[in-house]
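# got a predicted structure here, sequence first:
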Amino acid sequence: MNPLSKNSSVKIKVLVVDDEEDIADLIKVNLESEGYQIEVSHNGLDVLPRIEKNQPELIILDLMLPGIGGMDLCKKIKEKYKIPVIMVTAKTSETDVVLGLELGADDYIKKPFSTRELTARVRSVLRRSNTNEELDNMVSITIGKIHLNATAHKVYIDGKEIELTLIEYKILYLFMSNPGVAFSRDKLLDRVWGKDVFVTDRTVDVNIKRLRDKLLTEKDKLETIRGIGYRLKDA
């Protein structure tokens, strides 16, 4: 499945930070048309809280921001998170670009830029940042009010983080990566626990029940299919 499909519930989350609303809107519209999930911030002061809350997979960061400079913000981001950053700059000085890259930015793009160049750089940075992982393992998946961030191994219900065991997380990740697909107990055993582990069907049922209870208002999305197994509704 293409994680950037326009009709997919699996989307890479991008945080766009630019105080020029027309530029931010241009980036948002074009990347959304490519299947990305976009959040916009028009100042630097709320960026770190937004990152902590929403766990984006990529940040597009303007260097000229009110409140805190883009260079300082890039440094703070890179000190705390392993999130790729693309700098957006109207400056033409090579020194500024070099300094930004030395502070940890993964790439840069100069204003004015074409939407084709922007899209190409986004894809390139995501590929490079994912050298040791499959792309599917870094995307965010949102179904209804359930949001799963595979990079951070965190799950949120309506914006609030919930605590899952590793097994519960693996089960949910499998379902959210395959919305609407029914999995038998045997298939769940193979995909979650592995073929060489002795686990009974009862263990599957117990973990499904615990996971369902933790999904709170979204628990009805995890359906029991009589005679088959379980599936997660995709709507």
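Nice, I can see it.
# now the helices for the chain?
21-33, 47-54, 70-80, 94-102, 115-129, 166-177, 185-188, 201-214 (DSSP state H).
# worst average pLDDT in those?
Sorting the helices of the chain by mean pLDDT places helix 94-102 lowest, at a mean of 74.
# helices or strands up against that one?
Other helices and strands packing on helix 94-102, by 3 or more CB pairs under 8 Å, 6 or more residues apart in numbering; DSSP states H and E, are helix 70-80, strand 85-89, strand 107-110. For glycine as for every other residue, the C-beta is placed from the backbone atoms N, C-alpha and C.
# can you tell which of the ones you listed is closest to residue 46?
Ranking the helices and strands packed on helix 94-102 by distance to residue 46, with CB to CB as the measure, places helix 70-80 first at 10.8 Å.
# give me the contacts around that closest one.
Helix 70-80 has contacts (CB atoms under 8 Å, 6 or more residues apart in numbering) with 17, 44, 47-48, 51, 59, 61-65, 83, 85, 87, 89, 99-100, 103-105.
# same thing but 6 Å
44, 61, 62, 63, 85, 103, 104, 105 (CB atoms under 6 Å, 6 or more residues apart in numbering).
# how about residue 220: what's its closest non-neighbour residue?
Excluding the flanking residues, the one nearest residue 220 by CB to CB, 6 or more residues apart in numbering is residue 233, at 7.9 Å.
# look at that neighbour and report its pLDDT.
Residue 233 is given a pLDDT of 90.
# got the contacts of helix 70-80 as CSV, with neighbour count, pLDDT and distance to residue 208 columns?
Output for the contacts of helix 70-80, formatted as CSV (neighbours: other CB atoms under 10 Å; pLDDT from 0 to 100; distance: CB to CB, whole Å):
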residue, neighbour count, pLDDT, distance to residue 208
44, 22, 87, 43
61, 26, 95, 41
62, 23, 92, 45
63, 22, 87, 48
85, 25, 91, 39
103, 19, 76, 46
104, 15, 77, 42
105, 25, 83, 43
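# return the subset of these lying in strands.
Applying DSSP state E to these, the entries found in strands are 61, 62, 85.
# residue 52 versus the second one, what's the distance?
If you measure residue 62 against residue 52 using CB to CB, to the nearest Å, the figure is 20 Å.
# could you measure from residue 171 over to residue 206?
With distances taken as CB to CB, residue 171 is found 11 Å from residue 206.
# quick check: neighbours shared by those two?
Residues touching both residue 171 and residue 206 do not exist when contact is defined as CB under 6 Å, 6+ apart.
# the nearest residue to residue 65 once chain neighbours are set aside: what's it in contact with?
For residue 65, ignoring the flanking residues on the chain, the nearest one in space by CB to CB, 6+ apart is residue 44 at 4.0 Å. Contacts for residue 44 were tallied using CB under 6 Å, 6+ apart; they are 65, 67, 68, 73.
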